[in-house]
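Colleague: Let's see this in three dimensions:
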Amino acid sequence: MEIDISEPGTLYAACADVLSVCKTLADDLAAVFDPETGFAPRMREVLKVQLQEMEDTRDVGITELDVELVRMEARTWGLLQAVMPARKTEPPPLPNPRALLKENPYTPTSTLAQAVMTRSLLLTELVVVKEWLQDTAPVPAGPEASTGYWRFTKLGVLQSLRSGGGVAGTGKEAFVRKMDPDVLGRGDEAGRGLAADDAIWRADFGMKNYEKSLVKALYGCVRAGRIEEAVEMCRKANQPWRAASIRGIRLFRWRAISTEVEEEDEDHDDSDNELDIWSGNRQRKLWKSSCIRAALSNGLPNHERELYAALAPSAQTAGVLRGACRTWEDHLWAQISIMCEERESGEMEKLGGGFWEGGLKAVEIGLWEEEEEDEGKAEREREEEEDWVDMVAETLEALKDVAVAEGLGSEHAFHYSQLHIILNKTDMMLENFAKALRTGSLPPSSREHAPLCRFFAHLCLYFQMIDIAVPPLATQVILESYLQVLEAAGQRDLIALYAGALGDNAVERYAMFLVSLELSADLSERRLALTRARDHGLDMHRVATATAERTIEKAFEILPPLRGRLPSIIALQPPPTAPELLLLRSIEWTTYNDTTFSTALEQAGVILRYFLGSGRLALAKQLLDMLPPELAVIGEPEEMATEYLHYRQFFVIWDTLERVVEAQAMEVARMNRERRLAWLSDYRAIIDQAYDQITKLLESEWLVTDVETPGGNRRRRELIRVRQIYVPELIIRLHSLLVGSRHHIKENLMRALGLANTVADSRYKLYEDFVNQDGRRLGDYLGAVRRAMLAGLEAGGSDPFRVLSA
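Modeller: Residues are numbered from 1 along each chain as shown. Predicted coordinates for the structure are as follows:
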C-alpha cells in the first residue's frame, strides 16, 4: 500500500481510508482477517509507512517518543492480526497426538509437537504471540567474519613451542595452553587468555570483545527467531560447534515416515529423495538437558549462559534468561517461551515420546493404548488445561509491574493493551483507557494523547466490525476523544465517518461538530458536511435539524435576552456581532433540503422574533431573503405558517416605505410641468400603496391578538413585544407620511385624521400596542393628530373639523 504521508494529517486520512474500505467488508470475516488486505494489516502498513517517513525526515518537531509511539501502534496491530482470526473462526479438525502414536509409533517429534500444540487453543495462541514478538524484535548486527579459529592465538602458541618455551607466552601475553572452545571457562587456565587480535574486535565497530559480541549477536538471532542466521553467523566465525548446538533447537522431522497432512509448498520438492531426507534433532531431549546445564553453569560467562537459556527455555533457567531481558517485550518473550516449552515438553512426556524420545521401550509398552482406555482421562485433561490456563494468566499478569532497562515501561498504555489483548481482557482494557480520558490522567496536551486515542478508537471500531462486544460507554468516551483530536487537527472531512460509529449519539455528536464550525465554514462547506453525514450512514434530516437547534441554543446563550425597554429602530444600527451572525446563519442547515423546510419555518420564526424584538431590522430582512420561497406555501402548523406570512407582509410594507422616501427625494425645485406631473403621479401611487398595505395590516390580527391579556408562553410574549415595537411605528410613520404630503395630495390630511379612527376602533385595539415609553406613548400619537387638525386651518377658517368633510 503506497501512501503519501508528507502532508500533515495524512496519517489520520490514511487510517480513515482503511476504515472506510473495511467497513464494506464487515459481513465477510475472511476479508477483514486477510493477512494482506484485512483491517489490522492495512493499519499496520499505514503506520509502518508513517514510521519510515518519521525516521527518514527527523523533523525538529518529532521526538523519539513520537517515533516510538507509532512503532508501538504498528506492532499492536500486528498482534491483533496474529491472535484475532483464530479467536473468531472455527479451527479445522485437528489430529490427536495419541491417535498419531497409536497409528504410527515412529511419528517424528515435530509432528507430535505440532499435534500437542494444536490440541490446546491457549498454547497455539501463545506460540503465535511468541512468533509475533520474534518478528518485531530488532535485527541483530553480528561481528564481521573471522579469519580463522583463534588464528593469532594459535600462531602464538606454535611460536612459543618452536622457540622451546614450555609456556605459551608470559605476563600479559600468557596464552591458553589448549584450543578447545571451553578453555576460557576452566579454572586451570586462570590468568591466561587469547591473543589480542582474537580477543579484541575492531574498535571502529564499537565492540571490544569478539567472543562476547558474537554470543550476544547469536542471542539476538534466537530472540528474533532467526535460527538460520545464527547458524550462518557461527560458520562465518569459524565456530561450527556453535552452529551445531544452535541447530539442536530444531525438532526432528522426517516426511517419509510421518502421517501428517502437510500444506502444499511451491518451493517444496516432493521427490523420493526429498521425502527420504530427515532434519532436526533426533536427541532433542538430551540436547535440551545439556543446554539447561550450560545455562546453570557458573563456569561460563553470563552471555554464554543467556544464549543457552534462550535456546532451551525452562523454569530452571528462567532467572538466567530474565537477566538478558532489556525491554518489556524481552520479558514477555522470555516468559511465553518458558511456558510454551514447558507445556510441550510435559505433554510429550505424558505421551511417552514415541520411538524418537522414548526408544524401543516406548514402542513395546504401548503407553498410549493404556491411557486411552482410562475413562477419566478426558476429564483430567480438561482440569489440567484449566489449571494451566489460570497459571498462564497469573504469570502474564505479573508482567504489569516488571522493571525494564530500555524502552517504554511495563505501565505504558501500549504494553498494557498488548498484555490484555493476549489475556483476552479487552473490556477491562477499554474501560480503563476511557477512565483515564474522563479523569484527565491522559490530558489532551500530552504527546501520547492523540496516538492513543487514534489506536483505541480504531480498535473499538475493529472489534465492532468482527462482532466482539465492546463496553458502550467506554466506546462513546474513546470515540468522542478521537473526534476532538480530529477537530484539533483540522480534519473536518473525517468527522462524519467516526461520528457515525457513535450509534444513538452519532447524530447529536456530528451536529456538535458542525456547530463548532460556527462562522468558519461557508455555505458550500456546510452543504458538503451534511452530504458526508449521509454518505456515512447518518440521517441527514436529523443532523441538519439538530445542528440548527444546537446553533440557535449556542447563540442564545451569548445574546442578551428580549426584555426591558423596547429598542429604537430610528437610530443608526451597529454592524452585526458574531453571535448575531451565528444565529442568522443557523437557518442555513435546514434550508438545503426540502425535507427540513418545515423545521426551517419554525426556526425562522424563532430567529425573526428575536431580531425584530431587539430592533435588528436589517438582520431580520437578511434572514427572510435567505429563506427558500417554498416556505411560503407550507400550511402546517398553521400558527407558524401564518406568523411567517405576517413577517413577509411587514417587510413588504417596510420596502414600500423606503420607496416613498426615495420618491420624495426625487422632487427638485426646478421641474417642468410635464416632469412634475409624472413625479406627482408616481408619488401619489406609492403613497396610496403604503396606505393600503399598512391599513390592511392594522385591521388584521397581525401576529397576535389581545395584547393586554397577561400571561402566555414565551412565543406569545415575544410576539406582543414585536407588535408593541412596530405597530405604533407604522401608525406614526403613515400619519407623518400623509400629513407631510398634504401639500401635494390634499386628501391625505383627511386620511391621516381618519387613521386615528382606526387606532381608536375597539375591534382592532391598536391603542393597546402603545406603551409608556418615549416616542411610543399613545399621547405622542394623539399630539401628532392634534397638530394635523391645526394644519387643516392653514387654508383659512376657524372650523377644525372642516377638513374631515372636505
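Colleague: which secondary structure elements does the host helix or strand of residue 551 contact?
Modeller: Secondary-structure element containing residue 551, defined by DSSP states H and E: helix 540-558. Applying 3 or more C-beta pairs under 8 Å, 6 or more residues apart in numbering; DSSP states H and E, one finds that helix 540-558 makes contact with helix 506-516, helix 523-535, helix 578-585, helix 597-613. For the C-beta atoms, the positions are set from N, CA and C on the backbone; glycine is no exception.
Colleague: buried sites along the last one?
Modeller: Same thing as helix 597-613. Neighbour-count burial for helix 597-613, counted by 16 or more other C-beta atoms under 10 Å, picks out 597-613.
Colleague: angle of it against helix 578-585?
Modeller: Interaxial angle of helix 597-613 relative to helix 578-585 (axes from the mean of the first three to the mean of the last three C-alpha atoms, to 10 degrees): 140 degrees.
Colleague: Please tell me how far residue 119 sits from residue 347.
Modeller: 8 Å (C-beta to C-beta, to the nearest Å).
Colleague: okay, and the common contacts of these two?
Modeller: Residues touching both residue 119 and residue 347 by C-beta atoms under 8 Å, 6 or more residues apart in numbering: residue 97.
Colleague: Compare these two (neighbour count), which wins?
Modeller: residue 347 (20 against 17; other C-beta atoms under 10 Å).
Colleague: Just list the residues touching that one, thanks.
Modeller: Applying C-beta under 8 Å, 6+ apart to residue 347 gives the contacts 97, 116.
Colleague: In terms of pLDDT, where does residue 767 sit?
Modeller: We have a pLDDT of 87 for residue 767.
Colleague: Just give me the neighbour total for it.
Modeller: A count of nearby residues for residue 767, using other C-beta under 10 Å, gives 17.
Colleague: What average pLDDT does stretch 641-650 get?
Modeller: Average pLDDT, stretch 641-650: 94.
Colleague: For it, buried residues please.
Modeller: Within stretch 641-650, the residues scored as buried using 16+ other C-beta under 10 Å are 641, 643, 644, 646, 647, 649, 650.
Colleague: Go ahead and measure how far the regular element (helix or strand) spanning the second one is from the middle of the chain.
Modeller: Secondary structure from DSSP H and E places residue 643 in helix 638-665. In this view, helix 638-665 has its centroid 51 Å away from the chain centroid, taken as C-alpha atoms, centre = their mean, to the nearest Å.
Colleague: thought residue 513 was touching residue 499?
Modeller: Yes: Residue 513 lies in contact with residue 499 (C-beta atoms under 8 Å); the separation is 6.5 Å.
Colleague: quick one, which of the two is more surrounded?
Modeller: Set residue 513 next to residue 499 and count neighbours by other C-beta under 10 Å: residue 499 wins out with 27 against 21.
Colleague: Show me how far the helix or strand where residue 159 lies is from its chain's centre.
Modeller: Using DSSP H and E, residue 159 falls within helix 151-162. Distance of helix 151-162 from its chain centroid, counting by C-alpha atoms, centre = their mean, is 67 Å.
Colleague: in the protein, what secondary structure element scores lowest on mean pLDDT?
Modeller: Between all helices and strands in the chain, the lowest mean by mean pLDDT, DSSP states H and E belongs to helix 367-372, at a mean of 48.
Colleague: Go ahead and name everything in contact with the following helix or strand past that helix.
Modeller: Next along the chain after helix 367-372, taking DSSP H and E as the criterion, comes helix 377-397. With contact meaning C-beta under 8 Å, 6+ apart, helix 377-397 is reached by 120, 122, 126, 332, 335, 336, 339, 343, 371, 419, 422, 423.
Colleague: Surely the third one is in contact with residue 339?
Modeller: Spelled out, that is residue 126. Yes: between residue 126 and residue 339 there is a contact at 6.3 Å, judged by C-beta under 8 Å.
Colleague: Wasn't residue 615 part of a strand?
Modeller: No: using DSSP: H, G, I helix; E, B strand; the rest coil, the assignment for residue 615 is coil, not a strand.
Colleague: Which residue comes closest to it once chain neighbours are left out?
Modeller: residue 567 (3.0 Å; C-beta to C-beta, 6 or more residues apart in numbering).
Colleague: quick one, strands of this structure?
Modeller: Secondary structure of the chain, counting by DSSP state E: strands at 253-254, 278-279.
Colleague: Pick the most buried one from the ones you listed.
Modeller: Most buried of the strands of the chain, by mean neighbour count (mean count of other C-beta atoms under 10 Å): strand 253-254, with a mean of 19.
Colleague: what comes into contact with that strand?
Modeller: With contact meaning C-beta under 8 Å, 6+ apart, strand 253-254 is reached by 108, 109, 110, 111, 278, 279, 280.
Colleague: What average pLDDT does it get?
Modeller: On average, strand 253-254 scores 84.
Colleague: quick one: strands adjacent to it?
Modeller: Strand partners for strand 253-254, identified by DSSP bridges, are recorded as strand 278-279 (antiparallel).
Colleague: For the strand it pairs with, what is the distance to the chain centroid?
Modeller: The answer for strand 278-279 is 50 Å, by C-alpha atoms, centre = their mean.
Colleague: next one: stretch 316-334
Modeller: 34 Å.
Colleague: what about it, start to end distance?
Modeller: 13 Å (C-alpha to C-alpha, to the nearest Å).
Colleague: List the buried residues for it?
Modeller: Residues of stretch 316-334 classed as buried under the neighbour-count rule (16+ other C-beta under 10 Å) are 317-318, 320-322, 324-325, 327-334.
Colleague: for stretch 725-743, same thing?
Modeller: Judged by neighbour count using 16+ other C-beta under 10 Å, the buried positions of stretch 725-743 are 725-735, 737-739, 741-742.
Colleague: related to what we said a few turns ago, tell me the angle of the helix holding residue 643 relative to helix 597-613?
Modeller: Going by the same axes, to 10 degrees, helix 638-665 is angled at 50 degrees with respect to helix 597-613.
Colleague: and helix 638-665, what does it pack onto?
Modeller: With contacts defined as 3+ C-beta pairs under 8 Å, 6+ apart, the packing partners of helix 638-665 are helix 597-613, helix 617-626, helix 673-698, helix 714-740.
Colleague: In CSV: those, plus mean pLDDT and distance to residue 22.
Modeller: Shown next, in CSV, are the helices and strands packed on helix 638-665 (pLDDT from 0 to 100; distance: least, C-beta to C-beta, whole Å):
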stretch, mean pLDDT, distance to residue 22
helix 597-613, 94, 35
helix 617-626, 94, 41
helix 673-698, 91, 62
helix 714-740, 91, 49
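Colleague: any chance of those in JSON lines, with distance to residue 415 too?
Modeller: Below are the helices and strands packed on helix 638-665 laid out as JSON lines (distance: least, C-beta to C-beta, whole Å):
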{"stretch": "helix 597-613", "distance to residue 415": "50"}
{"stretch": "helix 617-626", "distance to residue 415": "55"}
{"stretch": "helix 673-698", "distance to residue 415": "75"}
{"stretch": "helix 714-740", "distance to residue 415": "56"}
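Colleague: Which one of those helices lies nearest to residue 487?
Modeller: Residue 487 lies closest, by C-beta to C-beta, to one member of the helices and strands packed on helix 638-665: helix 597-613, at 24.9 Å.
Colleague: mind saving the C-alpha coords of that closest one as PDB?
Modeller: What follows is helix 597-613, C-alpha atoms only, in PDB (Å, rounded to 0.1, in the frame of the first residue of the first chain):
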ATOM      1  CA  PHE A 597     -38.300  23.100   5.300                       C
ATOM      2  CA  SER A 598     -41.000  22.600   7.900                       C
ATOM      3  CA  THR A 599     -38.300  22.800  10.600                       C
ATOM      4  CA  ALA A 600     -36.800  25.800   8.900                       C
ATOM      5  CA  LEU A 601     -40.200  27.500   9.000                       C
ATOM      6  CA  GLU A 602     -40.400  27.000  12.800                       C
ATOM      7  CA  GLN A 603     -36.700  28.100  13.400                       C
ATOM      8  CA  ALA A 604     -37.100  31.100  11.100                       C
ATOM      9  CA  GLY A 605     -40.000  32.300  13.400                       C
ATOM     10  CA  VAL A 606     -37.800  32.000  16.500                       C
ATOM     11  CA  ILE A 607     -34.900  33.900  14.900                       C
ATOM     12  CA  LEU A 608     -37.200  36.600  13.400                       C
ATOM     13  CA  ARG A 609     -38.900  37.200  16.700                       C
ATOM     14  CA  TYR A 610     -35.500  37.800  18.300                       C
ATOM     15  CA  PHE A 611     -34.100  40.100  15.600                       C
ATOM     16  CA  LEU A 612     -37.400  42.100  15.400                       C
ATOM     17  CA  GLY A 613     -37.800  42.100  19.100                       C
END
